[in-house]
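Enquirer: coords please:
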Amino acid sequence: MAVRFASVLTAATCLVAPAYAQAPKISDGVVRIGVLTDMSGIYSDLSGKGALEAVRMAVEDHGGKVIGKPVDVVYADHQNKPDIGANLARQWFDTGGVDLIQDLSNSGVALAVAAIAKEKKRHIVVNGSSNMGITNQACSPYAVHYAYDAYSLANGTGRTIVEQGGDSWYFLTVDFAFGHGLEKQVTDVVTAAGGKVLGSSRHPLNTTDFSSFLLQAQTSKAKIIGIASTGADAINAIKNAAEFGITKNQKLAALLLWINDVHALGLDAAGGLQLTNAWYWDQNDETRAFAKRYFDRVGLMPNMSQAADYSSTLHYLKAVEKAGTDEPDAVSKAMRELPINDMFAKGGRIREDGRMVHDMYLWQVKTKAESKYPWDYLKPLGTIPADKAFQPLSLSTCPLVKKG
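Expert: This next block holds a predicted model:
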């Protein structure tokens, strides 16, 4: 398995506080960021090269240096396999001089790498995965869950649909950590609201034929079929459901739908679906300005994970600058002290459990008649404020959280 390396070109040195400029402490004389992502598999459109370019853009926008030292970016494909992801992370931390691992699409990979980060006392930022374990049992001072998680998705899309009368559910769930965690979070929301879960079918990753799973969902007569998958799996499930006529009598709930998925499905198939996202490219002038620069490089509009890759990379570099070093404990402290105010989030902050809290947004996919220009896919339905969007610390199982 080849691991490819790419160095970001350095530019003008950033301004730093005089106290830090006198005696910077940067290990190996370079700050190195590793983008560990899916470059070739089912989630490559959601993360992949787009995640890498977002991190590169952040480094370039920071000036290519921090405290007078260069910032390099390396990358590798974890192939959606936790053992490969963990081995790459260990190699990067032990001999590759990597200070921060970014993106981490695939929850199984993210959980495996979080364990390595805790052991090695090196930083990771999770933007491409939803599993709540990152800020619960797998939490550490070195792991940050930035863009979204299963709790925020469940309390956006799931709760809204129950409130609209969708009180009986059947799940089509991808059979690994991401799907299991998302199904559990939505189940908790449905039952707490007085609804019922009538069953679930678990399918392998990268399934193309959902006919048997959809037949079971149809037989359940649940009002809502919850799609606890994403990327190509969610696209195939939605397409198959329409082809089999299931949507005539039952509604679909896409629990993690990306703008990439809407683009692939087309508005005829996706129009009317509700989704929860942390960010949308056409949200305001700041998001549009970033999206235009990104589109010029990638040829696609960025999704919430890729926007968060950019934001969290800048935040990490600012924390290194504030700390005057890339020493992990000092950077962890600075990351939690610095507020996050950029095109991704306003008033964001990182809690002691590693959760970055920020507003989340409920959207509805536009119909073809409503869409006026390319990538004009979503209309806002509401804002979920930061203090409601994510799991309260009172429910956390992270040992770093002090209770009482």
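Enquirer: Can you name the residues bridging to Ser200?
Expert: Beta-bridge partners for Ser200, by DSSP bridges, are Phe171.
Enquirer: which one is Met343 nearest to, not counting chain neighbours?
Expert: Closest residue in space to Met343, ignoring its immediate chain neighbours: Glu286 at 3.9 Å, by Cβ to Cβ, 6 or more residues apart in numbering. Quick note: C-beta positions are derived from backbone N, CA and C, even for glycine.
Enquirer: Can you give me the pLDDT of the one you found?
Expert: If you check Glu286, the pLDDT there is 98.
Enquirer: element containing it, please.
Expert: Assigned by DSSP states H and E, Glu286 belongs to helix 285-298.
Enquirer: Just the C-alphas of the helix or strand just after that helix, formatted as CSV.
Expert: Scanning forward in sequence from helix 285-298 by DSSP H and E, the next helix or strand is helix 304-323. This file holds the C-alpha atoms of helix 304-323, laid out as CSV (Å, rounded to 0.1, in the frame of the first residue of the first chain):
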residue,chain,number,x,y,z
MET,A,304,-20.0,20.4,5.6
SER,A,305,-17.1,18.0,6.3
GLN,A,306,-14.8,19.6,3.8
ALA,A,307,-15.6,23.1,5.1
ALA,A,308,-14.9,21.8,8.6
ASP,A,309,-11.6,20.4,7.4
TYR,A,310,-10.6,23.9,6.4
SER,A,311,-11.9,25.6,9.6
SER,A,312,-10.4,23.1,12.0
THR,A,313,-7.0,23.2,10.3
LEU,A,314,-7.0,27.0,10.7
HIS,A,315,-8.1,26.6,14.3
TYR,A,316,-5.3,24.1,15.0
LEU,A,317,-2.6,26.4,13.5
LYS,A,318,-4.0,29.4,15.5
ALA,A,319,-3.7,27.3,18.6
VAL,A,320,-0.1,26.4,17.8
GLU,A,321,0.6,30.1,17.4
LYS,A,322,-1.1,30.9,20.7
ALA,A,323,0.7,28.2,22.5
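Enquirer: Hmm, Asp282 and Asp376 touching each other?
Expert: Yes. The criterion here is Cβ atoms under 8 Å, and Asp376 meets it with Asp282 at 6.6 Å.
Enquirer: how about Pro141, secondary structure?
Expert: Secondary structure assignment for Pro141 (DSSP: H, G, I helix; E, B strand; the rest coil): coil.
Enquirer: What residues of stretch 234-254 count as buried?
Expert: Under the neighbour-count criterion of 16 or more other Cβ atoms under 10 Å, stretch 234-254 has 234-242, 246, 250-254 buried.
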